[in-house]
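*Asks:* Sequence plus the predicted model coming up.
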Amino acid sequence: MQLSDVDLLDLDRFVTGEHHEMFKVLREQDPVHWSDEPPSEGKGFWSITKHADLQMVNRDTTTFSSETGGTQRVDFWDKDENAAFDTRGVMLVDTDPPQHTRYRRLVNKGFTPRMINLLEQHLRYRAELVVDEVIERGECEFVSDLAAELPLQAIAEIMGVPQEDRRLMFDWSNTMIGAQDPEFNETGGAEKAQEAAAQVFAYANALGAARREDPRDDIVTTLINAEIEGERLSELEFDMFMLLLTVAGNETTRNATSSGMNALLENPEQFAQLLERADDTAYVSTAIDEVLRWATPVLHFRRTATVDTEVRGQEIKAGEKLLIWHISANRDEEAFPDPFRFDIERTPNEHVAFGGGGAHYCLGANLAKLELEIIFAEILSRMSDLEKAGDAEMLRSNFIGGVKRLPVTFTPGPRKHPAPAGA
């Protein structure tokens, strides 16, 4: 592949896996690369493809702003009819310090080590039930039956959402992140994504109102009552955080689980190694870090330059967009020896799947790792002969590294818990 062949807006290349070759070319020949955009979407954007550069940009929130323009490449709020979806300064990922610091200190109260520890035993029980639902069949669709279920149930538990509503969250988040995949949105993808966001927004708003009337031991009650130095989350900030939690708490862990299992099944010697050491928590934790590096569920985030600056000698003007490509940084040859080898014993492993450090390091990183460790441990202990029954189908997106389907087979086994009455 030549440099002239690189097209980061060709979403089909992210389905086939060709994007890895494009980023390899960029890291070698043009690590701070300019791409033009369609006139309706902007003037263009810079791509940051090296591990060290991504960390620098991610940590310098003064020069590279999320609040001026972060998360999305396209500014939907530029269009009057979409002004309601301007999340700058309101959604956690679209703020800069000191606003980000204030916001994060408030929402941190829902993600303390105590809160996570209280969840652990419950999640282990939930993981047993998730596997129970498929173990007698000998086959399943891994993404929807196994990978999606624990994150959905965890987020439902954290938010205080009735478990019967968790599939609403699954459908809403699929629509929001699958706006460019024809399976989820044949026409009007952006509009449908915004409609789904509005539905989550309304659901969260109603949930918050209910918890003000009937407080419970969940993150919703914690967040609406969280106070630091006399400040609380506004109603809009609360609703936006719940919208973020619905997507980030579901999509990322689900796709890391699916991509990680796909990698294990394509590298049977690694699968065998993990099975042998499945009772070694430190070993499994190291393997999960490699799963996260390999999967990189969020392929990129956006930043906007606030002043004229430069990265790796390339001049960048104030107001220009930068995409920091986590998927490229996690394959950077300077940061990871033999980066295209899936190695569950890789140490050190300074992956940037949770961000490049600094203020925007993923708030839910510890919870995500815990969920991954729990579901992989349960699957390994009960489905040790898991095999692929077809190819993994990838999401058509250059924002989320999503797996839509992964059919698998295994030897049927017994449930750990009785089937629910009437099942």
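*Replies:* Sure, I can see it. Numbers count the residues shown, from 1 in each chain.
*Asks:* all strands of this protein, in order?
*Replies:* Ranges of strands within the chain are 32-36, 44-48, 64-65, 139-141, 300-305, 309-311, 314-316, 321-325, 387-388, 393-394, 403-405, 407-409, based on DSSP state E.
*Asks:* Residues contacting the second one, please?
*Replies:* Where contact means Cβ atoms under 8 Å, 6 or more residues apart in numbering, the residues beyond strand 44-48 that reach it are 8, 26, 31-37, 54, 57, 73, 302, 311, 314, 316, 320-325, 328. Placement of C-beta: from N, CA and C, glycine included.
*Asks:* same thing but at 6 Å, please
*Replies:* Under the contact criterion Cβ atoms under 6 Å, 6 or more residues apart in numbering, strand 44-48 has outside partners 32-37, 54, 57, 316, 321-325.
*Asks:* Check which residues of that strand are buried.
*Replies:* For strand 44-48, burial by neighbour count (16 or more other Cβ atoms under 10 Å) applies to F45, W46, S47, I48.
*Asks:* Identify the residue spatially nearest to the second one, adjacent ones excluded.
*Replies:* This points to W46. Excluding its sequence neighbours, the residue lying closest to W46 (Cβ to Cβ, 6 or more residues apart in numbering) is L322, at 4.5 Å.
*Asks:* Of all the strands of the chain, which one is nearest R254?
*Replies:* Across the strands of the chain, the minimum distance to R254, taken as Cβ to Cβ, is reached by strand 403-405, at 8.2 Å.
*Asks:* per-residue confidence at the closest residue to L207 other than its chain neighbours?
*Replies:* Distances taken as Cβ to Cβ, 6+ apart put V220 closest to L207, at 5.6 Å, once the chain neighbours are dropped. Here the pLDDT value assigned to V220 is 83.
*Asks:* coming back round to it: turn the strands of the chain into TSV, including mean pLDDT and distance to T246.
*Replies:* Compiled in TSV, the strands of the chain are given as follows (pLDDT from 0 to 100; distance: least, Cβ to Cβ, whole Å):
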stretch	mean pLDDT	distance to T246
strand 32-36	98	30
strand 44-48	97	27
strand 64-65	96	25
strand 139-141	98	22
strand 300-305	96	18
strand 309-311	98	33
strand 314-316	98	33
strand 321-325	97	23
strand 387-388	98	30
strand 393-394	96	22
strand 403-405	95	19
strand 407-409	98	27
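*Asks:* winner for burial among these?
*Replies:* Among the strands of the chain, strand 321-325 has the highest mean neighbour count (mean count of other Cβ atoms under 10 Å), at a mean of 25.
*Asks:* quick one: contacts of that one?
*Replies:* So strand 321-325 is contacted by F45, W46, S47, I48, T49, L54, V57, H300, F301, R302, R303, T304 (Cβ under 6 Å, 6+ apart).
*Asks:* of all those, which two lie farthest apart?
*Replies:* T49 and T304 (17.9 Å).
*Asks:* need the longest helix for this structure.
*Replies:* Criterion DSSP state H: the longest helix present in the chain is helix 235-266.
*Asks:* Show the secondary-structure elements that that helix is packed against.
*Replies:* Judged by 3 or more Cβ pairs under 6 Å, 6 or more residues apart in numbering; DSSP states H and E, the packing partners of helix 235-266 are helix 149-159, helix 166-177, helix 189-213, helix 281-295, helix 365-382, strand 403-405.
*Asks:* thinking again about what came up before, what about the residue nearest to W46, distance to C362?
*Replies:* Per Cβ to Cβ, to the nearest Å, L322 is found 19 Å from C362.
*Asks:* how many other residues sit next to the residue nearest to E21 when sequence neighbours are not counted?
*Replies:* Distances taken as Cβ to Cβ, 6+ apart place M1 nearest to E21, at 5.1 Å, with adjacent residues excluded. By other Cβ atoms under 10 Å, the residues close to M1 number 10.
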